[in-house]
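J.: Kindly generate the corresponding structure for this input.
(chains A, B, C, D, E, F, G, H, I, J, K and L)
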Protein chains: 12
Amino acid sequence: MNILLINGPNLNLLGIREKSLYGSTTLESIEKELVKKAISENVSLECFQSNSEGEIIDCIHSSKTKINGILINAGAYTHTSIAIRDALLGVSIPYVELHLSNTSSREPFRQKSFLSDRAIGVVSGFGAYSYYLAMKGLLDYLQRGR
Amino acid sequence: MNILLINGPNLNLLGIREKSLYGSTTLESIEKELVKKAISENVSLECFQSNSEGEIIDCIHSSKTKINGILINAGAYTHTSIAIRDALLGVSIPYVELHLSNTSSREPFRQKSFLSDRAIGVVSGFGAYSYYLAMKGLLDYLQRGR
Amino acid sequence: MNILLINGPNLNLLGIREKSLYGSTTLESIEKELVKKAISENVSLECFQSNSEGEIIDCIHSSKTKINGILINAGAYTHTSIAIRDALLGVSIPYVELHLSNTSSREPFRQKSFLSDRAIGVVSGFGAYSYYLAMKGLLDYLQRGR
Amino acid sequence: MNILLINGPNLNLLGIREKSLYGSTTLESIEKELVKKAISENVSLECFQSNSEGEIIDCIHSSKTKINGILINAGAYTHTSIAIRDALLGVSIPYVELHLSNTSSREPFRQKSFLSDRAIGVVSGFGAYSYYLAMKGLLDYLQRGR
Amino acid sequence: MNILLINGPNLNLLGIREKSLYGSTTLESIEKELVKKAISENVSLECFQSNSEGEIIDCIHSSKTKINGILINAGAYTHTSIAIRDALLGVSIPYVELHLSNTSSREPFRQKSFLSDRAIGVVSGFGAYSYYLAMKGLLDYLQRGR
Amino acid sequence: MNILLINGPNLNLLGIREKSLYGSTTLESIEKELVKKAISENVSLECFQSNSEGEIIDCIHSSKTKINGILINAGAYTHTSIAIRDALLGVSIPYVELHLSNTSSREPFRQKSFLSDRAIGVVSGFGAYSYYLAMKGLLDYLQRGR
Amino acid sequence: MNILLINGPNLNLLGIREKSLYGSTTLESIEKELVKKAISENVSLECFQSNSEGEIIDCIHSSKTKINGILINAGAYTHTSIAIRDALLGVSIPYVELHLSNTSSREPFRQKSFLSDRAIGVVSGFGAYSYYLAMKGLLDYLQRGR
Amino acid sequence: MNILLINGPNLNLLGIREKSLYGSTTLESIEKELVKKAISENVSLECFQSNSEGEIIDCIHSSKTKINGILINAGAYTHTSIAIRDALLGVSIPYVELHLSNTSSREPFRQKSFLSDRAIGVVSGFGAYSYYLAMKGLLDYLQRGR
Amino acid sequence: MNILLINGPNLNLLGIREKSLYGSTTLESIEKELVKKAISENVSLECFQSNSEGEIIDCIHSSKTKINGILINAGAYTHTSIAIRDALLGVSIPYVELHLSNTSSREPFRQKSFLSDRAIGVVSGFGAYSYYLAMKGLLDYLQRGR
Amino acid sequence: MNILLINGPNLNLLGIREKSLYGSTTLESIEKELVKKAISENVSLECFQSNSEGEIIDCIHSSKTKINGILINAGAYTHTSIAIRDALLGVSIPYVELHLSNTSSREPFRQKSFLSDRAIGVVSGFGAYSYYLAMKGLLDYLQRGR
Amino acid sequence: MNILLINGPNLNLLGIREKSLYGSTTLESIEKELVKKAISENVSLECFQSNSEGEIIDCIHSSKTKINGILINAGAYTHTSIAIRDALLGVSIPYVELHLSNTSSREPFRQKSFLSDRAIGVVSGFGAYSYYLAMKGLLDYLQRGR
Amino acid sequence: MNILLINGPNLNLLGIREKSLYGSTTLESIEKELVKKAISENVSLECFQSNSEGEIIDCIHSSKTKINGILINAGAYTHTSIAIRDALLGVSIPYVELHLSNTSSREPFRQKSFLSDRAIGVVSGFGAYSYYLAMKGLLDYLQRGR
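T.: Next comes the predicted model:
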């Protein structure tokens, strides 16, 4: 089973920027940790990060044939990108939306997600641990064979 | 460590009503399963369900001194009850909001939650598995000692 | 054939409160009259009134196996209770929504009903006679075997 | 006692168009049936249908002196015609608004009625039977001498 | 100089319907009075009334070559008819919008006019005298040769 | 009979500012002309202009005992001053609202009037001639003794 | 194959009114031209124009059995007539919506179409050429046999 | 003279929860203090608190014959309960709405009150002292015999 | 302790204008009465009224050094004046907002207050007695030394 | 004459993704077919597709000197990109907006286009044939020399 | 070259009120400093401050013949005064709008400016330095002779 | 001191596109001029332009350690990019937002800025001179050491 983790704009700054809001763990260490956990579940996890909406779309397209499920923290593009939504629906791969912070306690423009209504599920607010919960949720979904 | 699980209105119908939407697992079996998982994490889990807003508030109040964290699936009251929000904030116990279905793909009036902006985090859409993910997220939060 | 009539909050005051708006017939006499008419149609009619949202939900749940159709005048809960909506959909029993007064000529917050879009039909504005029309409409629906 | 039944635009297609939504009874047979039922209540029922807003207004005006009550299914004009509302109020004849389908479960633009706030009452969702219920409601109102 | 007076739906009921709101003068007497006043200003006044949106449009079209200015009380069509607006702009004849009652003190749906932003001016609230003021305003405009 | 004409902010610039929009007649000449016309109707007309909301309110208060009707072109205060509305209602003197330009063809924030719903009537768009029409309308109203 | 072209209110003024906006071609010449082009595609084209909403509905109804597809430029009724929408859906004939001008660059009230969401497609902005493009699009749709 | 004091959901936590927001006085001591002050005004004061909407409604109903005025701090139900509003209007007892905190400086969803437009008056923001002011206001009202 | 009472526009008409809405007590007698009550509480009360927004701001500024608390009934400026809000915040003197009538039962444009979210508290609806309650509330606040 | 065809994000998936919505023709075959048709009209057609907003803008800029007209199906960027709008206006090349599906029957967020109000015209809903119609419309426009 | 600097309500409190928000420089010292800088640019600068809307309008009117450009910090009137906007447009003098604080990070009601859309430009957020930048911008504009 | 100037999409067209709106100065000459002025203030200025949202984010990230302040004219991305906002906040570098044209006099969708509420300040409307004013404002801010 192959899983793809997509991180959107500014998530490369994790552990560097705004630590009070996002914690001090870097994206690299989150990815490493998650790959380990994936292996222990017999799952192969690929990681991708980009600040470019177009590159994220390209990445989703290229995953079409080899990926069984997607974990996506689209960052700010969650709230503005219909194109990423279309890419995810276009390749017909089930995905879980996740966020480090609890977006519902932030600015009004972060209350709208173009991804969530077509996601399997959404996990938000647990910091770096959101990634692990989202992966567990995705795997449970895929194993139930829905 | 003591955890309280609160289920709101109509969740006693789980596994009985609208199976295509909510699956065929009963609330009783979800609770049993979760208690077992809690024990394996050395956590004591108490379960409560009510169709009455007032009883849910009473239950939250009575948990004030003995409970370290709350898991709440407030069902329809998620979208209409400021009083339950006030009860949760009044007792100052950290809580996780969870939903069986992905509420963001449902009716517009289910897009508003009076609980989420003050929750640690939110988990929705993973069916009965949402309970397990939410408990994992709550425990991680409590263990980090935030 | 078994029919359940549910009256929501403040309808126990009928014939007592605000007579210019609701008339001087008491709920008791409306219920008695309707039971008689039901018998003449070979239908058994059960009556329930409560000021508590939770008790109305409990009542709907308990009707699950023995009731063929529901008449509901949810009073103010019509406009605020998603939980009663969920209860009605959860038990999958066809229902008719009814009101004594013509709600569309009242306050803006009474223009929204959480029940009507999933009801068989709606009757409002005919005073106590609304109950009779609603029952006739429900019976016609059930007899057509839809 | 003289009652006028007005059917608005496209209702001449009843039983012909969109049968899954409106049933297969023609307007003619509904009218015939209703006239019979009216006679059995010692009431004279006149029937009128037009696709033209102006003709419906003319018809309402001409009923001014001879008609005691109006049953109106204004179809799409329910949602767009202030002029028909003005005509009904201008002749000061009590009226009941009725609909075949449950308009509250249809498109948002059908949620607004220019007629309902000044009607005696509203009946919707019972198919052809809505006509009978509406007539019963109108007669009850007229007989109560309000 | 030729002036056309157009009265829209329900204005034929003037002096008959809702006298407390519109007074007891009939449309016929208003028209007669106005024709007299027009003559005393050396102006020829033609009068037209219809309850049909289409006929009002036809009337405006036919006035294209012979009419110098239009007085229009479009009644309820003021608030719903973009087609009458288009007809008035299509024939490029200056017009004054007028109302018997003060529409700004009435229902919210009467606050919107599709005619007023392209009118020379608007007169409302002076009862039958609004017609005279509107004609005076139109004549002043035409005589100034703008 | 005593009439008061109130002109609000910036109307002292008439004939000087924005001539393409408001024409080249000065406020002084409009007032003079109107006083003459008033005399010919056996009416005494007082004129007042101020750029200050407070002074306009003071003026309205002081007119309480000696004035039979008010003509008011409140300029920009039409759209922002609830206090002037309250002053007009406080002294219970009937008033006519008037505007030089057709406000309905201008900026959205000029579509709202705090004065019009309680005025006898409204005249707008006829340039300086609006003053004359408004006075005629006010006199007709006062003479009808309503 | 039989096609019906419907033109709504004020389109009879084409080539006469507002030439800068709509060009100087008359409706008659557009219809003639289109009939010729239809013949060259082996299609029979019928043309209908009316300023009356009711007549347009009657025309749609009468086309029920003999017409394979409809081209409709409903003019101002595009934005206000739910009844024409219902008529088109009632007869279940596929239709294409078309406009001479680009409605999206015009007044806000022209941004709403009651016809477009159920049309095959929409063509707007190409002047008289819109008719030809719309017919081509309709024929392609019908020939694909969808 | 008999006065009833109703406290809604979570007010039993007063002096315990969120002290920075609501102060450290308990509800019990507020009630005791207020009873004393009532006695010194020759008024009998009854106190009631519940977290249940239904019980509050029941309490209002039961006060129908013996109570002259009601003081109500409905807590969160202020913003969500039309049923409590209906109960208060149903028993026709004058009431004063009060709040400990200044609700207008809190969350947007606390800006809407279903009770205030039909209350005698509203007092908010004075902490425990709000109860005393509200009682004084109610007594003044009752003594003026309005 | 020095208290300033500010009354805004039109309050000088109290007891004169609209008595059914505001009662027949004059502002002068309210002020006299309140000064007496203030003296009995060992407080010095200064009174100010103006119809001018600018003068009210000047008055607030000049109170900066000598006044401990402000009572303000800003009348219509409550709903339109951000400048008075800024003045009150600029001098950092605690203030209580008060109204004679219950503003929440009046026009929609009176539901917005630019003063209330930064006030200590709000009192409305008790007629002239609102002044006394507001002063009591202000004194309690100042004496608690907050 | 040189025409540029721009396809936006996800259109490279055409014929692959969501075939029920977009059909099974690939973008490559659409482009080939259109180039052929262009040649038969003596027009040179260049084709460009990108998932990147920035690249689409770069492409538009580079077409500035050599392109006479643009056909653009901006996909999801239609609804979110003001930058592409600015690019199109910046180079002052006339363009036609086109869509495969009928966007007006899709999600609310697809009802807003940042491109359409400044386009020559819009074609939507005809599947792959939309490209041909749009090109015909563009050529007609360019040939008319407007 | 003559420049006029207008400061609106409460700006006389600068350096005195809310120093954390506005800094500790007084208006007097800002004006002195700016006059010096103006002299060094060979420009004469006049300064005016008032808390009265009417006086600001009077000041703008009186500047009509002698002033080449206006710098205006209208304070709270920026958001509420259409009359000041009209005065500025009435005298046809170019103006720059400026603010000490960054209004876009403040309350929602400060997001609306009635002045900005007709200003040359806007400067906000630079504290006292905003005055200098605004003057530089105005001079550059005037010198470019636009 | 190092300053970074970022120009967003389409600003490379400056002096080429829409000269009536943006003037005829090219971006290159603006940058050159500004670098010169920066040098004369002993400041090093780096310039960057891109049409790609992702590249602008990358650029902001890379400036993290070496840049003291940012000048940003994000063009159309001002109104649509939450990701650029997040990047600016993520690197914690103070920035000034600037615009050539006065955005408040343009389309409604240009009234919303995702950048301004967290900027030091905003400068708009002064053409190429806006760059100089913005740099002066930024330097003043940095030198004050806030």
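
J.: all contacts plus neighbour counts: C-alpha atoms, from now on.
T.: Will do.

J.: Can you pull the phi and psi angles for the closest residue to chain C within chain A?
T.: Closest residue of chain A to chain C, CA to the nearest CA: A:Asp117 (20.0 Å). Phi and psi for A:Asp117, reported as degrees, to the nearest 10, are phi -70, psi -20.

J.: which residue packs closest to A:Gly54, ignoring adjacent ones?
T.: Leaving aside its sequence neighbours, A:Gly54 sits nearest to J:Ser52 (CA to CA, 6 or more residues apart in numbering or on different chains; 4.0 Å).

J.: on that earlier part again, the residue of chain A closest to chain C - how many residues pack around it?
T.: The local packing of A:Asp117 (other CA atoms under 10 Å in any protein chain shown) involves 17 other residues.

J.: next one: A:Gly145
T.: A:Gly145: 7 neighbours (other CA under 10 Å).

J.: could you measure it against B:Ile30, distance?
T.: Spatial separation of A:Gly145 from B:Ile30 under the definition CA to CA, to the nearest Å is 20 Å.

J.: Over to A:Ile60?
T.: Counting by CA to CA - A:Ile60 and B:Ile30 are separated by 35 Å.

J.: got a list of what the nearest residue to A:Ser101 once chain neighbours are set aside touches?
T.: Closest residue to A:Ser101 apart from its sequence neighbours, by CA to CA, 6+ apart: A:Gly125 at 4.2 Å. Contacts for A:Gly125 (CA atoms under 8 Å, 6 or more residues apart in numbering or on different chains) come out as A:99-103, B:120-122.

J.: May I see the ChimeraX selection of the buried members of these?
T.: Of the contacts of A:Gly125, the buried ones go into a single ChimeraX selection, burial set by 16 or more other CA atoms under 10 Å in any protein chain shown:
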select /A:99,100,101,102,103 /B:120,121,122
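
J.: Can I get the contacts of A:Gly125 in JSON lines including distance to E:Tyr22 and secondary structure?
T.: Shown next, in JSON lines, are those (distance: CA to CA, whole Å; DSSP: H, G, I helix; E, B strand; the rest coil):
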{"residue": "A:His99", "distance to E:Tyr22": "62", "secondary structure": "strand"}
{"residue": "A:Leu100", "distance to E:Tyr22": "65", "secondary structure": "coil"}
{"residue": "A:Ser101", "distance to E:Tyr22": "62", "secondary structure": "coil"}
{"residue": "A:Asn102", "distance to E:Tyr22": "59", "secondary structure": "coil"}
{"residue": "A:Thr103", "distance to E:Tyr22": "56", "secondary structure": "helix"}
{"residue": "B:Ile120", "distance to E:Tyr22": "62", "secondary structure": "coil"}
{"residue": "B:Gly121", "distance to E:Tyr22": "61", "secondary structure": "strand"}
{"residue": "B:Val122", "distance to E:Tyr22": "59", "secondary structure": "strand"}
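
J.: Just put the contacts of A:Gly125 in JSON lines and tack on pLDDT.
T.: As requested, those are arranged in JSON lines below (pLDDT from 0 to 100):
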{"residue": "A:His99", "pLDDT": "97"}
{"residue": "A:Leu100", "pLDDT": "94"}
{"residue": "A:Ser101", "pLDDT": "94"}
{"residue": "A:Asn102", "pLDDT": "96"}
{"residue": "A:Thr103", "pLDDT": "95"}
{"residue": "B:Ile120", "pLDDT": "97"}
{"residue": "B:Gly121", "pLDDT": "98"}
{"residue": "B:Val122", "pLDDT": "98"}
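
J.: Pick out whichever of the contacts of A:Gly125 sits closest to D:Lys36.
T.: Closest approach between the contacts of A:Gly125 and D:Lys36, by CA to CA: B:Val122, at 60.8 Å.

J.: Report the secondary structure state of the residue nearest to the closest one when sequence neighbours are not counted.
T.: Leaving out its chain neighbours, the residue that sits closest to B:Val122 by CA to CA, 6+ apart is B:Glu97, at 4.8 Å. Secondary structure assignment for B:Glu97 (DSSP: H, G, I helix; E, B strand; the rest coil): strand.

J.: so B:Glu97 makes contact with B:Gly75?
T.: No. Here B:Glu97 does not reach B:Gly75: they are 10.1 Å apart, not a contact under CA atoms under 8 Å.

J.: Of those two, which one has the most company?
T.: B:Glu97 (26 against 22).

J.: Can you give me the distance of the more buried one to B:Leu71?
T.: According to CA to CA, B:Glu97 and B:Leu71 sit 6 Å apart.

J.: Common neighbours of these two, please.
T.: Taking CA under 8 Å, 6+ apart as the contact rule, B:Glu97 and B:Leu71 both touch B:Ala134.

J.: Tell me how many other residues surround the closest residue to chain E within chain A.
T.: Closest contact between chain A and chain E, by CA to the nearest CA, is at A:Pro108 (29.9 Å). Neighbours of A:Pro108 under the rule other CA under 10 Å: 9.

J.: if I look at it, how far off is L:Glu97?
T.: To L:Glu97, A:Pro108 is 21 Å away according to CA to CA.

J.: Likewise for A:Leu27?
T.: Going from A:Leu27 to L:Glu97 by CA to CA gives 30 Å.

J.: same question, A:Ser40
T.: Using CA to CA, A:Ser40 is found at 49 Å from L:Glu97.

J.: what does A:Leu98 give?
T.: Note on A:Leu98: its distance to L:Glu97, by CA to CA, is 31 Å.

J.: what's the answer for A:Lys112, then?
T.: According to CA to CA, A:Lys112 and L:Glu97 sit 25 Å apart.

J.: Could you do A:Ser116 as well?
T.: On the measure of CA to CA, A:Ser116 and L:Glu97 end up 32 Å apart.

J.: again, but for A:Ser50
T.: 25 Å.

J.: One more: A:Tyr132?
T.: Distance, A:Tyr132 to L:Glu97, by CA to CA: 39 Å.

J.: swap in A:Arg106?
T.: Counting by CA to CA, the gap from A:Arg106 to L:Glu97 is 23 Å.

J.: contacting residues around whichever residue of chain A sits closest to chain L?
T.: Nearest residue of chain A to chain L: A:Ser52, at 4.0 Å (CA to the nearest CA). Taking CA under 8 Å, 6+ apart, we find A:Ser52 in contact with A:8-9, J:52, L:52-55.

J.: cool, and A:Phe109?
T.: Counting by CA under 8 Å, 6+ apart, A:Phe109 makes contact with A:His79.

J.: you'd agree A:Glu46 is in a strand?
T.: Yes. Counting by three-state DSSP, A:Glu46 is found in a strand.

J.: and it, what are its bridge partners?
T.: As for beta bridges, A:Glu46 partners with A:Leu4 under DSSP bridges.

J.: ok now do it, which residues does it touch?
T.: Shown in contact with A:Glu46 (CA under 8 Å, 6+ apart): A:2-5, A:35.

J.: out of those, who's nearest chain I?
T.: Each of the contacts of A:Glu46 was checked against chain I using CA to the nearest CA; the closest is A:Leu5, at 45.5 Å.
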